[in-house]
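Student: sequence plus predicted model, see below.
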Amino acid sequence: MLTIKLKKEVKLVDSTDELTASNWNKFQKFQLIEAGVGTDLKTIDEQYSRVAQFVDKEKKNECLQELQNIREALFMIHNQINVNHLSFACFVYSIDGEKIEDYSDENLMVILQDLSDLGLTQKVLTDSLESVKKKSTQK
């Protein structure tokens with residue numbers, strides 16, 4: 001277990017190998033969405049550049065796919081959905097000793113809000129998720 005200290009103690013599963021099968025599937029889903037769609041303005045800027053390249057090269061299908069990805073990314077940003085954050089929430093084992101039992105998409109959002117209220121920052125989230133990913137690939 002990986003422990004992070006916020007206003008309360010948060011324990012994380014510290015490897016993808018330790019995730020339940022359903023959480024592993026959710027983690028993979030969120031990572032695929034992140035890779036394909038992205039969820040930040042930097043990614044959208046990169047997608048606009050690719051659209052321009054596809055238009056220039058007359059690659060209609062690729063252009064349409066990038067425009068759909070931009071649309072989905074904007075939808076997620078507007079609705080305050082960050083799939084990278086949801087990936088992180090899949091690893092939360094307990095908050096202040098209370099084991100997480102509900103990993104539905106809706107409750108993952110609640111978990112993230114609870115952790116934000118406890119002082120979770122983007123840096124702690126990113127560092128923790130990278131630590132888990134790194135440990136998972138060191139086999």
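Tutor: Yes, it's here. This is a predicted model, so every value here is computed, not measured.

Student: how's this protein carved up into domains?
Tutor: Using automatic domain parsing, the domain parsing of the chain gives 1-35+81-139, 40-80.

Student: helices or strands up against the one helix or strand in the chain whose mean pLDDT sits lowest?
Tutor: Lowest on mean pLDDT, DSSP states H and E among the helices and strands of the chain sits helix 122-137, with a mean of 87. For helix 122-137, the packing partners by 3 or more Cβ pairs under 8 Å, 6 or more residues apart in numbering; DSSP states H and E come out as strand 2-5, helix 83-89. Where you see a C-beta, it was placed from the backbone N, CA and C, and this is true even at glycine.

Student: put the alpha carbons of the last one into PDB.
Tutor: Translated: helix 83-89. What follows is helix 83-89, C-alpha atoms only, in PDB (Å, rounded to 0.1, in the frame of the first residue of the first chain):
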ATOM      1  CA  VAL A  83     -10.200  10.700 -16.800                       C
ATOM      2  CA  ASN A  84      -6.600  10.800 -15.500                       C
ATOM      3  CA  HIS A  85      -8.100  11.700 -12.100                       C
ATOM      4  CA  LEU A  86     -10.600   8.900 -12.400                       C
ATOM      5  CA  SER A  87      -7.700   6.500 -13.100                       C
ATOM      6  CA  PHE A  88      -6.200   7.700  -9.900                       C
ATOM      7  CA  ALA A  89      -9.400   7.100  -7.900                       C
END
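
Student: which stretches of the protein have low pLDDT?
Tutor: Applying pLDDT under 70 to the chain flags the ranges 137-139.

Student: what about the helices in it?
Tutor: With DSSP state H, the ranges of helices along the chain come out as 21-36, 41-56, 60-78, 83-89, 105-117, 122-137.

Student: so which of the ones you listed gets nearest S15?
Tutor: helix 122-137 (4.9 Å; Cβ to Cβ).

Student: ok, the most centrally placed residue in the chain - contacts?
Tutor: Geometric centre of the chain, nearest residue: N84, 1.3 Å, by Cα atoms, centre = their mean. Contacts here follow Cβ atoms under 8 Å, 6 or more residues apart in numbering; on that basis N84 touches F30, E34, T39, L129.
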